[in-house]
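Student: structure for this input, please:
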Amino acid sequence: MTFTAIDFETATGHSHSACAVGIVTVEDSIITEEYYTLIQPPNNEYWYRNIMVHGIKPVETLDKPMFDDLYPEIHKRLFGRKIVAHNEAFDRNVLAKTMRWYGLYYDELEIADKWECTCRIYRAKGYKPANLKACSDRNGIALNHHEALSDARACAKLYILHDNQMKLHL
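Tutor: Reported below is the predicted structural model:
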């Protein structure tokens, strides 16, 4: 199984305010590469509520590149891949809206309109709650919640676990 797991953190309630991204590449069910970077959001603006969730402060991104400068690295990790996220609607929306904000075209990534969603998968398995922390705890997956790379890694491991369980039932 080959796919890419992704997680974004945002600086404000606006979807185009990505301030961190974690991307985990999986080849044949093995994590082969991890990528993490802070991103300077538009005007380096943060909302207190978001800082309280992920702990990233404006001073940490003041000298970081903006999304359009990082996009070549992100593009090469996502292009044409199956994408997985724990709350896929949120992360897909952040990617699409951030790209639009910077005049980039989502369609050029050649990825699905809807991604695989480990939250939806584990909710269907009967997990309550099915948030990333609960799913990770229940399956013994280490997680530093709301740190983008840790979240993406946990998502990747949950998706691999799900795939392995599906193979056992075939």
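Student: show me where the chain has its helices.
Tutor: Shown for the chain, the helices assigned by DSSP state H span residues 48-54, 58-61, 67-78, 88-101, 118-124, 132-138, 148-168.
Student: mean neighbour count and distance to Ala20 added to the ones you listed, as CSV?
Tutor: All C-beta spots, glycine's among them, are computed from the backbone N, C-alpha and C. CSV is the format used below for the helices of the chain (neighbours: other CB atoms under 10 Å; distance: least, CB to CB, whole Å):
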stretch, mean neighbour count, distance to Ala20
helix 48-54, 13, 7
helix 58-61, 15, 8
helix 67-78, 16, 11
helix 88-101, 20, 11
helix 118-124, 19, 19
helix 132-138, 18, 15
helix 148-168, 20, 4
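Student: among those, which is nearest Glu27?
Tutor: When the helices of the chain are compared by CB to CB, helix 148-168 sits nearest Glu27, at 11.2 Å.
Student: show residues contacting the closest one.
Tutor: 1, 3, 5-9, 20-24, 26, 29, 31, 34-36, 54, 84-86, 116, 118, 121-122, 125, 132, 135-136, 139, 141-145 (CB atoms under 8 Å, 6 or more residues apart in numbering).
Student: about what we covered before: tell me which of the helices of the chain sits nearest to Pro42.
Tutor: helix 88-101 (6.8 Å).
Student: could you give the separation of the closest one from the chain centroid?
Tutor: Taking CA atoms, centre = their mean, to the nearest Å, one finds the center of helix 88-101 at 10 Å from the center of the full chain.
Student: thinking again about what came up before, inside strands: which ones of the contacts of helix 148-168?
Tutor: Among the contacts of helix 148-168, the members falling in strands (DSSP state E) are 3, 5-9, 20-24, 26, 31, 34-36, 84-85, 116.
Student: buried ones in stretch 9-29?
Tutor: Using 16 or more other CB atoms under 10 Å as the burial criterion, the residues of stretch 9-29 that qualify are 9-12, 14-26.
Student: distance across it, terminal residue to terminal residue?
Tutor: Terminal residues of stretch 9-29 lie 25 Å apart, using CA to CA, to the nearest Å.
Student: so what's the gap between it and the chain middle?
Tutor: Offset of stretch 9-29 from its chain centre (CA atoms, centre = their mean): 4 Å.
Student: for stretch 128-144, same thing?
Tutor: With CA atoms, centre = their mean, you get 15 Å for stretch 128-144.
Student: give me the contact list for it.
Tutor: 86-87, 118-120, 122-123, 127, 145, 150-151, 154-155, 157-158, 161.
Student: rerun that using 6 Å as the cut-off
Tutor: Stretch 128-144 has contacts (CB atoms under 6 Å, 6 or more residues apart in numbering) with 86, 119, 122-123, 127, 145, 150, 154, 157-158.
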